[in-house]
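Undergrad: Quick one: sequence plus predicted model below, questions after.
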Amino acid sequence: MGYFDGVYAIWVREIIVFFREKERVISAVVTPLLWIFAVGGGLGASVQIEGMSYQMFMFPGIVAMAILFGSIFYGMYIIWDRKLDFLKEVLVAPVPRSAVFLGKMLGGASDAVMQASVLLVIGLIFGFVPGIPQFFLAIPLIAIVACCMTSIGLIIGANMKSPEGFNLVMSFVMWPMFMLSGALFPVENLPSFLNIIVRLNPMTYGVDLMREALLGTGQFGIAYDVVVLALATVAFAYIASKSFEKMQI
Amino acid sequence: MEQKLAISIEKLSKHFEGLKAVDGISLTVQEGEIFALLGPNGAGKTTTISMLTGLLAPTSGRATVAGFDVQKEPLKVRQQIGVVFQQPSVDDLLSGRENLDMHALLYNVPAKGRKERIDEMISLVGLTSRQHAKIREYSGGMRKRLEIARGILHRPKVLFLDEPTTGLDPQTRQHIWEYIKKMSKREGTTIVFTTHYLEEAEQFAERVAIIDHGKIIAVGTPHDLVAELGGDSVVLKVKTPAQVVAKLKKMKFASRVKADGKSVHVTVAESHKNLPVMLHAISGIESIEIRPATLNEVFIKYTGKGIREESGEGGFMERMMNPNNR
């Protein structure tokens, strides 16, 4: 009882905060749009991939990117909770720290689903999302990708003491995960040592899953992607729970 | 020792990069007791509270709260306690009411009567009319009051209050303390609070531990600690200190007689009736200064300095900005 009340309380807090912090929502949608219309539009004028326009090809990848960036930022937001002293209240709460993590993870995943939904609606309008069925297929799959990415973000956030490491995380986690995931180009042509990294990158399966859902042209198949992401989420969630248990002020 | 212990601390230490913030303190607090940790800023009070609430791991030593080891069973400890932090930890983006709602869920306040309990707490701290405003719009004092309401809301067995009334006006302070005392009596709540206000410790604590530089230097009831001083301190300015000292040393009620230039320091027991006797016997007094025995004198006795002198000292920037120091 108490465990899930705790999860619920923290989840509700994140949802309320999400709707109040409009700046976070707006910036989370604007960056992907820049990619789609500036990069996608510019490059797309001269490039076709797998027989489709470049914008069509990259759109699922950009949705996955929005989930990744949103989730990592969300996880690192704990550092501000820590700075603003709010974290202490949660850390002395009589619920297991794993419940705190779970509430945070579900909160972050909910945020990501809402942000990605905005992108999908824009995609519907511009024809990057072929139809309504694809739209509704994508939503639950986005939730799975988001749970995985939020767990990674929370591991980072729980282990970082100050915002100074922010740039390191961007350079060594966020951008590589994005660049080596097939979001912007097919990864078959990459040199083989990079291909190993691509295969180990959970983001690869998130991108593939989005492409399966929206275009039906993925590499591994929905079931495979879902299983890989689910296993990765369990592993990351376990590490994150442990990190939360060790957290001090 | 048949009475149950709410808190037991054995040789607890916390070192930060060579600084001994808490240096091997040992202490016990009885169930239902109102206990104060009194000391200047930086004495180690907050660090001690952080270790007892599981927010910081001790460097060495052990502590139990409500019978549970803070390191081995942190969750069990957390299920027994409430904490009011020195820096309010209420959530900026939520309203006052939402903060308490969330707290009630997190802390298992039974759904039945939850709303009424929250109403009661909000009105206790005088925030009824501002309960739906966001914390961002709250003043520092309002945040502190909400923080206190939240700490009490779930009726903890052991309540930690870290500098609870700093920044509150005297009326609110009195009001909140009366509630806390009543709650402690009615529900057997153990209260542990830190303060650098002597008056607060004297007035509200049943027992006080005086802490300085991470060490406990005296423990007892405010009354006993003050009584140990043996009376009020009196400083006489006289023309012939040596003679006066000799005379005072013969008086039974006078102790710790010491000359310092033209001043003579003496502790006078039951000064209300002995002081007239003393003044009658000594001639040539130029001035007289009486310092009633308080916890401050106790503090001076053990550390050689007043608690106020130290706590009034600001940080580096404040000292630089202070025109008197230029």
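TA: Cool, got the structure.
Undergrad: C-alpha from now on. contacts and neighbour counts both.
TA: Fine.
Undergrad: What residues sit buried inside whichever helix in chain A runs longest?
TA: When chain A is scanned for its longest helix (criterion: DSSP state H), the result is helix A:97-126. Neighbour-count burial for helix A:97-126, counted by 16 or more other C-alpha atoms under 10 Å in any protein chain shown, picks out A:97-117, A:119-120, A:123-124.
Undergrad: hey, where'd the helices end up in the chain?
TA: In the absence of a named chain, this looks at chain A. Along chain A, counting by DSSP H, helices occupy A:2-20, A:22-34, A:40-44, A:54-76, A:78-83, A:86-91, A:97-126, A:132-159, A:166-169, A:175-179, A:192-200, A:202-214, A:222-246.
Undergrad: other chain: chain B
TA: B:45-52, B:74-78, B:96-106, B:114-124, B:140-153, B:170-187, B:198-204, B:222-227, B:241-250, B:271-281, B:295-303, B:307-311, B:316-321.
Undergrad: among these, which is nearest A:Met149?
TA: Closest approach to A:Met149 among the helices of chain B (C-alpha to C-alpha): helix B:96-106, 25.4 Å.
Undergrad: Turn the helices of chain B into JSON lines, including mean pLDDT.
TA: Shown next, in JSON lines, are these (pLDDT from 0 to 100):
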{"stretch": "helix B:45-52", "mean pLDDT": "96"}
{"stretch": "helix B:74-78", "mean pLDDT": "95"}
{"stretch": "helix B:96-106", "mean pLDDT": "94"}
{"stretch": "helix B:114-124", "mean pLDDT": "95"}
{"stretch": "helix B:140-153", "mean pLDDT": "93"}
{"stretch": "helix B:170-187", "mean pLDDT": "91"}
{"stretch": "helix B:198-204", "mean pLDDT": "89"}
{"stretch": "helix B:222-227", "mean pLDDT": "91"}
{"stretch": "helix B:241-250", "mean pLDDT": "89"}
{"stretch": "helix B:271-281", "mean pLDDT": "88"}
{"stretch": "helix B:295-303", "mean pLDDT": "84"}
{"stretch": "helix B:307-311", "mean pLDDT": "54"}
{"stretch": "helix B:316-321", "mean pLDDT": "40"}
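Undergrad: Format the ones you listed as a markdown table; extra columns: mean neighbour count and distance to chain A.
TA: Converted to a markdown table, the helices of chain B look like this (neighbours: other C-alpha atoms under 10 Å in any protein chain shown; distance: least, C-alpha to the nearest C-alpha, whole Å):
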| stretch | mean neighbour count | distance to chain A |
| --- | --- | --- |
| helix B:45-52 | 24 | 8 |
| helix B:74-78 | 22 | 5 |
| helix B:96-106 | 23 | 5 |
| helix B:114-124 | 17 | 14 |
| helix B:140-153 | 23 | 10 |
| helix B:170-187 | 15 | 20 |
| helix B:198-204 | 17 | 25 |
| helix B:222-227 | 18 | 31 |
| helix B:241-250 | 15 | 55 |
| helix B:271-281 | 13 | 48 |
| helix B:295-303 | 18 | 30 |
| helix B:307-311 | 15 | 23 |
| helix B:316-321 | 10 | 21 |
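Undergrad: what's the burial count for residue 163?
TA: Using chain A here. Residues near A:Pro163, counting by other C-alpha atoms under 10 Å in any protein chain shown, number 14.
Undergrad: Hmm, no, I was thinking of chain B.
TA: 20.
Undergrad: Quick check: it touching B:Pro88?
TA: No. In terms of C-alpha atoms under 8 Å, B:Glu163 does not count as a neighbour of B:Pro88; the distance is 10.5 Å.
Undergrad: Do you know the pLDDT at A:Phe236?
TA: Looking at A:Phe236, its pLDDT is 98.
Undergrad: Which residue, other than its chain neighbours, is closest to it?
TA: In space, and not counting its chain neighbours, A:Phe236 is closest to A:Ser151: 5.7 Å by C-alpha to C-alpha, 6 or more residues apart in numbering or on different chains.
Undergrad: Tell me how far that neighbour lies from A:Val198.
TA: According to C-alpha to C-alpha, to the nearest Å, A:Ser151 and A:Val198 sit 19 Å apart.
Undergrad: Equivalent analysis for B:Ala111, please.
TA: Per C-alpha to C-alpha, B:Ala111 is found 49 Å from A:Val198.
Undergrad: Which of these two has more residues huddled nearby?
TA: Between B:Ala111 and A:Val198, counted using other C-alpha under 10 Å, A:Val198 has the larger neighbour count: 23 against 9.
Undergrad: re earlier: among the helices of chain B, which is nearest A:Gly44?
TA: helix B:96-106 (48.1 Å).
Undergrad: Spell out which parts of chain A neighbour chain B.
TA: By C-alpha under 8 Å from any C-alpha of the partner chain, the residues of chain A that approach chain B are A:2, A:5-6, A:9-10, A:13, A:16-17, A:20, A:84-89, A:91-96, A:247-249.
Undergrad: circling back: which one of the helices of chain A lies nearest to B:Thr48?
TA: Nearest of the helices of chain A to B:Thr48, taken as C-alpha to C-alpha: helix A:86-91 at 15.0 Å.
Undergrad: Can you list the buried residues in the closest one?
TA: A:Phe86, A:Leu87, A:Lys88, A:Glu89, A:Val90, A:Leu91.
Undergrad: In this structure the first one contacts B:Leu93, no?
TA: No. Using C-alpha under 8 Å, A:Phe86 and B:Leu93 do not qualify as a contacting pair, with a distance of 10.3 Å.
Undergrad: sorry, back to before: out of the buried residues of helix A:86-91, show me where the pLDDT dips lowest.
TA: Within those, pLDDT is lowest for A:Phe86, at 83.
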